[in-house]
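# model the structure of this input:
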Amino acid sequence: MYNCEHKDNELLQRIAAGDEAAFAELFHANHNRLGGFVLGWTKSAALTEEIVQDVFMKIWTQRERLLEVRQIESYLYILARNETFNCLRQIARERVRRETWEHEQEVVPEVADENDYTPLIEQAVAKLPTQQKKVYLLKQHHRMAYAEISRHMQISPETARKHLSAALRSITTYVRAHLHHIILFILFRIF
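Next comes the predicted model:
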């Protein structure tokens, strides 16, 4: 028993020091046993191989920690178990995300595009006070900056900004109040 522990400790010290041959010895001595252990959880040879590789990669990249290990076999099985559970949790999360996304694709009706709102927006614009309507049309349809609008209408840029803000509030309120027309239109198109 003492010789076996002494040999394991010596092997771990060599690996911790960066000895690749010692790491290869540990890998070959334990790869298949860990694989059998992990396969019992995953039921997938490909996933098992990936997990076992990750366990040994972690051992190599964090080899300085091996100096604290007293029983290498227990340490390997704990690492393999933790890596397996993390992997299975990740797979479960991805499956839930995928199923949720697929369900949303089935449930969500066709979304209205911008053109569906155009008649409603035009109606709202037609109801705006004269100054707000002019500012809105110059800004949205002619793509003028506030400075250009102020020169064109002979008002200050701040007044132009206030008119546009009021126009947008009025349009939004109107569209929201009449949104049921668009929903009926969309439903009519779907069915």
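# dump the residue contacts of Gly35.
Listed by Cβ atoms under 8 Å, 6 or more residues apart in numbering, the contact set of Gly35 reads Thr48, Glu49, Val52. In this view, the C-beta of every residue, glycine as well, is placed from N, C-alpha and C.
# how close does the first one get to Phe27?
When distances are taken as Cβ to Cβ, to the nearest Å, Thr48 and Phe27 turn out to be 15 Å apart.
# comparing the two, which residue is more hemmed in?
Here Thr48 and Phe27 are compared on neighbour count by other Cβ atoms under 10 Å; more neighbours surround Thr48, at 22 against 17.
# that one sits in which helix or strand?
Taking DSSP states H and E as the definition, Thr48 sits inside helix 45-61.
# quick one: mean pLDDT over that helix.
If you average the pLDDT over helix 45-61, you get 94.
# now what about it, what contacts it?
With contacts defined as Cβ under 8 Å, 6+ apart, helix 45-61 is touched by 15, 23, 26-27, 31, 34-35, 38-39, 42, 66, 76, 79-80, 83-84, 87.
# tell me the phi and psi of the most centrally placed residue in the chain?
With distances taken as Cα atoms, centre = their mean, the residue of the chain nearest its centroid is Arg97 (9.7 Å). Dihedral pair for Arg97: phi -60, psi -40, per degrees, to the nearest 10.
# let me know the pLDDT of it.
pLDDT for Arg97: 83.
# how much space separates it from Gln71?
38 Å.
# lowest confidence element among the helices and strands of the chain?
helix 179-190 (a mean of 57; mean pLDDT, DSSP states H and E).
# walk me through the domains of this protein.
2-107, 114-190 (automatic domain parsing).
# okay, helices next: where are they in the chain?
2-16, 20-42, 45-61, 72-107, 114-126, 130-140, 146-153, 157-177, 179-190 (DSSP state H).
# tell me which residues of the shortest one come out buried.
Read it as helix 146-153. Tyr146, Ile149, Ser150, Met153 (16 or more other Cβ atoms under 10 Å).
# check stretch 75-87 too.
Quick answer for stretch 75-87 (16+ other Cβ under 10 Å): Tyr75, Leu76, Tyr77, Leu79, Ala80, Arg81, Glu83, Thr84, Cys87.
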